[in-house]
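Q: predicted coordinates and the sequence they were generated for:
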Amino acid sequence: MKTLAFASALALAAGIASAQDVVRMGTEGGYPPYSFINDAGEPDGFEIELGNALCERAGLTCQWVTNEWDSIIPNLVSGNYDTIMAGMNITPERDEVIDFTQDYIPATPSSYVGLSADVDPAGAVVAAQATTIQASHVAGTGATLLEYATQEEAVAAMRNGEADAVFADTDFLAPIVESSGGELTFIGEPVPLGGGMAMGLRESDAELRARFDEAISAMKADGSLNELLAKWFAEDAPGY
């Protein structure tokens, strides 16, 4: 009986440990190549592949959860998942609400795109995704800002004439411009914003953040993070 009781206790403890090793990873799933939903209906992209690699190195199991961008931080804080990997730049405003790992994408520029290179962004109607650093930047330029729930909706607004230009991460816009057959063009010079992209966590999860920081450092050190950046962005993508 004691042996059975002891075995049951070990099994229960193992089950609890296993449950604790599952980390729910929040992502938008609508921001290629960072994250998107593939043809099989599953989250895919740079951050999904990176997140799975980081979990493996940290001895954790990733469980991906998709969430709309405008509520992605509140749902992290509320405990609906444990991390955010969604093309999120480190900013002082966000850092007051949540914690961040070290960056896994260096600070990269944002750009304006429109139907004509003659558009002056300072006096234009500019579309951007709501609650992003791009929307905040546009709001401070004197341009008329139109905010949309997703990046795709912001691009569509520019295409159909609701806005003169769209402002977003250059890496997101580049393949859209390239595949437009000359319809779309970059406007002006890229604009550096943010402190790099990183994983967001609750401020109370310092131990989990440390485990992911260690894994990110290891991937930087052995070159595997640079390999992923080159795979999903470009061979000459900024790296570490």
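A: Sure thing, it's come through.
Q: pull up the pairing partners for the strand or helix carrying residue 104, direction included.
A: Assignment of secondary structure by DSSP states H and E places residue 104 within strand 99-105. Strand 99-105 pairs in its sheet with strand 197-201 (antiparallel), by DSSP bridges.
Q: for the strand it pairs with, what is the distance to the chain centroid?
A: Averaging C-alpha positions (C-alpha atoms, centre = their mean, to the nearest Å) puts strand 197-201 8 Å from its chain's average.
Q: for stretch 24-35, same thing?
A: Mean C-alpha position of stretch 24-35 versus that of the full chain (C-alpha atoms, centre = their mean) differs by 6 Å.
Q: same question for stretch 139-155.
A: Stretch 139-155 has its C-alpha centroid displaced from the chain centroid by 18 Å (C-alpha atoms, centre = their mean).
Q: buried residues of it, list them for me.
A: 143, 145-148, 150-151, 153-155 (16 or more other C-beta atoms under 10 Å). C-betas here are computed from N, CA, C, even on glycine.
Q: which pair in those spans the largest distance?
A: Farthest-apart pair in the buried residues of stretch 139-155 is 143 and 150; separation 20.0 Å (C-beta to C-beta).
Q: list just the nearest of the buried residues of stretch 139-155 to residue 101.
A: In terms of C-beta to C-beta, no member of those lies closer to residue 101 than residue 151, at 23.2 Å.
Q: so what pLDDT did the closest one get?
A: pLDDT for residue 151: 94.
Q: in this structure it contacts residue 134, no?
A: No - assessed by C-beta atoms under 8 Å, residue 151 is found out of contact with residue 134, at 9.2 Å.
Q: now for those two: what residues contact both?
A: Common contacts of residue 151 and residue 134 (C-beta atoms under 8 Å, 6 or more residues apart in numbering): residue 168.
Q: do a quick rundown of the helices in the protein.
A: 2-20, 46-58, 72-77, 92-95, 133-139, 151-159, 170-178, 206-222, 224-232 (DSSP state H).
Q: point out where the chain drops to low pLDDT.
A: Counting by pLDDT under 70, the chain contains low-confidence ranges at 1-20.
Q: before we move on, back to that, got the angle for the strand holding residue 104 vs helix 224-232?
A: Interaxial angle of strand 99-105 relative to helix 224-232 (axes from the mean of the first three to the mean of the last three C-alpha atoms, to 10 degrees): 60 degrees.
Q: so strand 99-105 versus helix 46-58, what angle?
A: Using the same axes, to 10 degrees: strand 99-105 against helix 46-58 is 110 degrees.
Q: list the contacts of strand 99-105.
A: Contact partners of strand 99-105, identified using C-beta under 8 Å, 6+ apart, comprise 50, 90, 94, 195-203, 205-206, 209, 212-213, 216-217, 219, 225, 229, 238.
Q: quick check on these: which are buried?
A: Using 16+ other C-beta under 10 Å as the burial test, those include 50, 90, 94, 195, 197-202, 205, 209, 212-213, 216, 219, 225, 229 as buried.
Q: how far does stretch 190-198 sit from its chain's centre?
A: 12 Å.
Q: contacts for it next, please.
A: Residues contacting stretch 190-198 (C-beta under 8 Å, 6+ apart): 34, 87-91, 100-112, 133-134, 137, 167, 170.
Q: same question, stretch 107-123
A: Defining contact as C-beta under 8 Å, 6+ apart, one finds that stretch 107-123 is touched by 89, 124, 126, 133-134, 137-138, 141-143, 155, 158-159, 164-171, 173, 176-177, 183-188, 190-197, 238.
Q: buried ones only from these, please, as a ChimeraX command.
A: The ChimeraX command for the buried members of the contacts of stretch 107-123 (criterion: 16+ other C-beta under 10 Å) is given here:
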select :89,124,126,133,134,137,138,143,155,158,159,164,165,166,167,168,169,170,171,173,176,177,184,185,186,187,191,193,194,195,197
